[in-house]
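*Asks:* Kindly return the folded structure for what I paste below:
(one chain, ligands or ions: 1)
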Amino acid sequence: MKIQETKSRNIWRRLSLLFLKVGNLFNKKTTTPKQIEEDREAIIAEGIKSLWTRGYVVIPSTPEIEKVVDQLDRLTAQWFAQPLEHKLQYVFSEQTGGYEPPRPKDDASSNDTHKETFTIVNTYDWLEFIENKAAHKIKQSQLDFDLMVAIYHYIDLMEERVSIFAKIIARASDMPEVYDEIMNNYYRTSYRALGYSATKEFILNNGHNDRGTGTAISRESVQGHQNSFTTKDRAAGTWRDIKFERGKIVMFPGLVCQKITKCRIKSLPHRVVTTPESQEKGRDSGALFLDTSFTTKKLEKGSGSKIFPHFSNFNFDPDNPEHVAEFDTYFEQQKF
Ligand SMILES: [Fe+2]
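*Replies:* Model (predicted):
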């Protein structure tokens, strides 16, 4: 009896995802293909300029994506506000993502003691996971399910925006084949919702480069993201703010992107700092990590990880000979 209930609930969940997808098809028909193509070309041209001058691109969102981003804002805040006991049911696992609670004070940097995340690894069927977990007495709430559906919906809608990013990388590097490399791996995306609690402590997320082909961020509740892109900035230790705006998606290349473009496109060193606003209100964000889950797996032999690589984000400066040697050796050793 119990199994039947789970099954029928699951059918409704899958149907609701299907309705979302069908709804999107209708939405897309409101603009003509020619107009879409012209818009894309203008965004790509602008993106290439931005990539060369700032190291990242800002791509306009769509009304459909904005709707889901609003949902994610609301659902993520509600989800993190639940009792710890409930959230711990989804405790972090390398293979599936899931919940990672704030760490105890003596076990981590001050950064990690205020931070909690919920990650969906797109290669893993979370709805299936939930179904199995139900058999293991997970008390799944409607909120849990709604958040997961919203994340899957977001990943689905973002594919088209990511294809613009891939086009920018392919054209800027003059390597058309890189477009397919990025897009063929889109299913290996993961989405991470992140919550920092309000704290008077000053927290600096140290400068680093993300490891995948790229990172896309639509949601930052407060500013605090910075990058150091130009040779001059890096030499002087200058960090510049990346401004997040509603309706705009910030996307920047990671280390694998740098590798597959033979260093023609540099990964972007970045960090996050606390501001008076984030100390007051805390900080929520949502990031889509492109292909951090499999290409890089080839690079981290022996780590024991099935999906998530242990190839950590590291502080990489393409102008520092030591770092360049580290980068080259790393990729050589792993037989990319
Ligand atoms: Fe990062």
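*Asks:* I'd assumed Ser110 was in contact with Ile203.
*Replies:* Yes: the criterion here is CB atoms under 8 Å, and Ile203 meets it with Ser110 at 5.7 Å. Heads up, the C-betas are built off the backbone N, CA and C, glycines and all.
*Asks:* more neighbours, those two?
*Replies:* When neighbours are counted by other CB atoms under 10 Å, Ile203 and Ser110 differ, and Ile203 comes out ahead with 20 against 15.
*Asks:* per-residue pLDDT, the closest residue to that one other than its chain neighbours?
*Replies:* Ranked by CB to CB, 6 or more residues apart in numbering and with sequence neighbours excluded, the top spatial neighbour of Ile203 is Thr274, at 4.7 Å. At Thr274, the model reports a pLDDT of 88.
*Asks:* likewise the one 5 residues further on?
*Replies:* The predicted local confidence for Gln279 comes out at a pLDDT of 89.
*Asks:* Buried residues, the helix or strand hosting it. List them.
*Replies:* Using DSSP states H and E, Gln279 falls within helix 276-281. Buried residues in helix 276-281, counted by 16 or more other CB atoms under 10 Å: Ser278, Gln279.
*Asks:* and it, C-alpha only, in CSV?
*Replies:* Below are the C-alpha coordinates for helix 276-281, written out as CSV (Å, rounded to 0.1, in the frame of the first residue of the first chain):
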residue,chain,number,x,y,z
PRO,A,276,28.3,45.6,5.4
GLU,A,277,25.2,44.4,3.6
SER,A,278,26.0,40.7,3.6
GLN,A,279,27.1,41.0,7.3
GLU,A,280,23.7,42.4,8.0
LYS,A,281,21.5,40.2,5.8
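*Asks:* The very next helix or strand once past it: partners in the sheet, and parallel or antiparallel?
*Replies:* Downstream of helix 276-281, the first helix or strand assigned by DSSP H and E is strand 283-290. According to DSSP bridges, strand 283-290 forms sheet pairs with strand 190-196 (antiparallel), strand 214-220 (antiparallel).
*Asks:* now for those strands, which one comes closest to Ile59?
*Replies:* For those, proximity to Ile59 was assessed by CB to CB; strand 214-220 is nearest, at 8.3 Å.
*Asks:* Now do that closest one: distance to the chain's middle.
*Replies:* Computed by CA atoms, centre = their mean, to the nearest Å, the chain-centroid distance of strand 214-220 equals 6 Å.
*Asks:* Which strands or helices does the next helix or strand after that strand pack on?
*Replies:* Counting by DSSP H and E, the next helix or strand C-terminal to strand 214-220 is strand 225-227. In this structure, strand 225-227 makes packing contacts with strand 240-241, strand 270-273, judged by 3 or more CB pairs under 8 Å, 6 or more residues apart in numbering; DSSP states H and E.
*Asks:* contacts for whichever helix or strand comes after the first one?
*Replies:* Meaning strand 240-241. Using DSSP H and E, the helix or strand that follows strand 240-241 in sequence is strand 248-253. Residues outside strand 248-253 that contact it (CB atoms under 8 Å, 6 or more residues apart in numbering) are 51, 55-61, 65, 158, 161-162, 165, 169, 210, 213-218, 225, 227, 242, 244, 265-268, 270.
*Asks:* buried subset of those?
*Replies:* Using 16+ other CB under 10 Å, the buried ones in the contacts of strand 248-253 are 51, 55-59, 61, 65, 158, 161-162, 165, 169, 210, 213-218, 225, 227, 242, 244, 265-268, 270.
*Asks:* ok, now which ones touch the residue nearest to Ile203?
*Replies:* Contacts of Thr274 by CB under 8 Å, 6+ apart are Thr199, Glu201, Phe202, Ile203, Leu204, Gly224, Arg283.
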